[in-house]
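>>> Turn this into a structure:
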Amino acid sequence: MISRRNFVKTSLLASAAATAARSTMFAQPAAAPPTRFGVNYVPRKRWWYCWLDWDQQAILDDLRGVADLGLDHIRIQCLWPYFQPGISNVSERALANLHALLDAADLAGLDVEVTVLNGWMSGLSFMPAWVAPLANPWDIKVGNIFTSPTVIEAEKLLFKRIAETVGGHRRFLGFDVGNELGVLQTPGSNPVSTAEADAWATEMLRYCDEIAPNKFHVNGVDHSHWFNDFGFSREQIATTGHASVVHSYIFFDGVLDRYKYNETGSLHLAEFEIELACAYQTDLQRRVWVEETGMAKQWMPESYMPEFMEHSVRNIISTGKAWGVTWWCSHDIDPAIKGFDTLEYGLGLLDRENKPKPMGRKFAELAAEFRRSRPEAPLRKTALVIPDRGLSTKAWPPDWKYATPYMNLVSRGVSPAIVLESRAKDAETLRARGISELIQSGG
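Numbering: from 1, shown residues only. Below you'll find the predicted structure:
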């Protein structure tokens with residue numbers, strides 16, 4: 001429950017002299033651009049194994065199906081061992097197929113975010129074979145993808161070759177450095193401290209800006225860093241790259257252990273994650289990308305799924321802080337492709353015949369609505385104050401210490417912002433965010 005013992009009314013009438021004397025990291029926010037709607041592309045034919053067996057017409061057909069939903073961008077996955085089979089070898093065939101995909105996207109009118117270091121995706125490991133032999137029993141960090149200078153040099157080679165191939169393409173949106181890289185930050189494979197993880201991500205994003213300037217580069221993290229003091233820090237994710245990224249799933253983010261699929265915690269999960277990201281940001285102009293969100297029939301009745309989507313998307317839009325909503329995923333997976341968890345096969349907005357499913361039609365309706373008329377997001381005058389740090393240091397399970405009081409406020413009809421304790425007494429910061437009431441979290 002929310003502890004109101006420390007309920008505070010924050011005056012916005014501080015003296016002009018005091019305000020002028022206090023420097024602040026925040027600037028007044030400009031009008032937000034329209035929210036973008038897109039999808040995480042999953043090819044119908046051969047999944048992402050298609051990098052080795054390319055069918056340009058099949059890709060073009062898929063992307064035309066995505067474009068017919070009225071979407072404007074896709075996020076794609078470069079399986080790391082296919083693109084870089086050797087430490088100094090980048091596949092020319094994979095690069096050519098990547099360029100061909102962006103050509104197909106251009107014909108369909110879609111921008112493309114290219115996710116590169118995919119050593120893990122959809123529950124399967126795709127680590128390059130050359131990483132493991134670099135490790136040895138005497139120095140486990142030799143082959144560490146976050147700390148080994150030799151491996152980092154190889155990673156940069158891959159980014160450089162991709163930038164040379166598609167960096168100037170009109171449909172190249174930018175780099176996502178890797179898909180949910182926190183999954184690889186484990187004691188058994190790539191042990192890394194938060195300081196080391198942050199240093200790696202900062203350097204890789206800097207390098208992306210160097211080789212592909214003026215593009216939209218991000219770090220595609222999952223929930224584990226937002227819900228736990230693990231791997232990349234929230235401060236780092238919220239201040240580097242061109243947007244903060246959240247991946248929002250009611251099953252993986254621990255919601256269904258606490259709420260039903262149609263209750264507050266489920267319907268407001270992505271909204272909470274956006275507000276949490278904004279609490280750690282130092283620039284009011286910065287947006288949050290809901291880079292992945294979706295649902296499975298194993299989590300709720302199929303008949304409710306379009307309604308769930310609508311509630312979730314409207315709550316995302318209500319923040320006024322979302323760069324875009326990118327659904328997972330575009331197409332159902334062919335069951336003939338074995339090896340994935342059962343829930344992975346039916347997540348598409350489009351079926352295996354490239355036809356819109358009910359979820360696809362609902363997403364298209366929402367995209368069209370918010371493209372026609374962008375509602376003005378109401379100011380969130382009440383803010384939940386949370387400690388800067390203090391969550392579980394384990395990657396699992398998700399720690400709901402911050403999320404529970406937030407959802408309690410929502411259940412009472414409040415649409416709260418979130419403020420860090422370290423900034424809660426900065427009247428200028430609060431005023432810049434439109435906050436006039438603070439409520440301390442309980443615990």
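>>> Please count neighbours and contacts with C-alpha atoms only from this point.
Fine.
>>> could you point out which element follows the lowest-mean-pLDDT helix or strand in the chain?
The helix or strand of the chain with the lowest confidence, counting by mean pLDDT, DSSP states H and E, is helix 16-21 at a mean of 34. Next helix or strand after helix 16-21 toward the C-terminus (DSSP states H and E): strand 36-40.
>>> Which other helices and strands does that following strand contact?
strand 73-79, strand 322-328 (3 or more Cα pairs under 8 Å, 6 or more residues apart in numbering; DSSP states H and E).
>>> Please dump those into a markdown table; it should also carry mean neighbour count, mean pLDDT and distance to residue 248 for every row.
Output for these, formatted as a markdown table (neighbours: other Cα atoms under 10 Å; pLDDT from 0 to 100; distance: least, Cα to Cα, whole Å):
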| stretch | mean neighbour count | mean pLDDT | distance to residue 248 |
| --- | --- | --- | --- |
| strand 73-79 | 24 | 98 | 16 |
| strand 322-328 | 24 | 98 | 10 |
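>>> Can you say which of those strands is nearest to residue 117?
Of all the helices and strands packed on strand 36-40, strand 73-79 sits nearest to residue 117, with 7.1 Å by Cα to Cα.
>>> Contacts for the helix or strand following that closest one, please.
Sequence-wise, the next helix or strand downstream of strand 73-79 (DSSP H and E) is helix 80-83. Helix 80-83 has contacts (Cα atoms under 8 Å, 6 or more residues apart in numbering) with 51-52, 90-91, 94-95, 116-119, 126-129, 158.
>>> Show me where the stretch 251-400 of the chain has its helices.
With helices called from DSSP state H, counting those that start in this stretch, the stretch 251-400 of the chain shows them at 264-267, 269-280, 305-318, 358-372.
>>> re the thing from before, out of the contacts of helix 80-83, who's nearest residue 184?
residue 119 (7.7 Å).
>>> Quick one: residues contacting that closest one.
Applying Cα under 8 Å, 6+ apart, we find residue 119 in contact with 79-81, 125-128, 179, 181, 184.
>>> Which ones among those residues map onto strands?
Taking DSSP state E, the ones among the contacts of residue 119 that sit in strands are 79, 125, 179.
>>> Between those, which sits nearest residue 56?
Closest approach between the ones in strands among the contacts of residue 119 and residue 56, by Cα to Cα: residue 79, at 17.9 Å.
>>> which residues does that closest one bridge with?
Following DSSP bridges, residue 79 is listed with bridge partners residue 118.
>>> and what of the one 10 residues further on?
The residues listed as beta-bridge partners of residue 89 by DSSP bridges are residue 86.
>>> how close does it get to residue 146?
19 Å (Cα to Cα, to the nearest Å).
>>> neighbour count winner among these two?
Using other Cα atoms under 10 Å, the more surrounded residue of residue 89 and residue 146 is residue 146, with 24 against 12.
>>> ok, back up a step: highest neighbour count among the contacts of helix 80-83?
residue 117 (26 neighbours).
>>> Just list the residues touching that residue, thanks.
78-80, 155, 177-179.
>>> Swap in 7 Å and give it another go.
Residue 117 makes contacts with 80, 177-179, as judged by Cα atoms under 7 Å, 6 or more residues apart in numbering.
>>> Filter those down to just the buried residues.
Among the contacts of residue 117, those that count as buried by neighbour count (16 or more other Cα atoms under 10 Å) are 80, 177-179.
>>> Output those residues as a markdown table; include the columns pLDDT.
Shown next, in a markdown table, are those (pLDDT from 0 to 100):
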| residue | pLDDT |
| --- | --- |
| 80 | 97 |
| 177 | 98 |
| 178 | 98 |
| 179 | 97 |
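>>> Could you let me know which of those ends up closest to residue 99?
residue 80 (16.3 Å).
>>> how near is the closest residue to residue 371 other than its chain neighbours to residue 109?
In this structure, residue 371 finds its nearest non-sequential neighbour in residue 34, 7.0 Å apart by Cα to Cα, 6 or more residues apart in numbering. From residue 34 across to residue 109, the span is 17 Å (Cα to Cα).
>>> ditto for residue 330
Counting by Cα to Cα, the separation of residue 330 from residue 109 is 16 Å.
>>> okay, the two: which has more neighbours?
Set residue 330 next to residue 109 and count neighbours by other Cα under 10 Å: residue 330 wins out with 28 against 19.
>>> quick one, phi psi at the more buried one?
phi -70, psi -50 (degrees, to the nearest 10).
>>> Was I right to think it contacts residue 39?
Yes. Using Cα atoms under 7 Å, residue 330 is in contact with residue 39, at 5.7 Å.
>>> now the helices and strands packed on strand 36-40 in CSV, with distance to residue 336?
Below are the helices and strands packed on strand 36-40 laid out as CSV (distance: least, Cα to Cα, whole Å):
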stretch, distance to residue 336
strand 73-79, 20
strand 322-328, 20
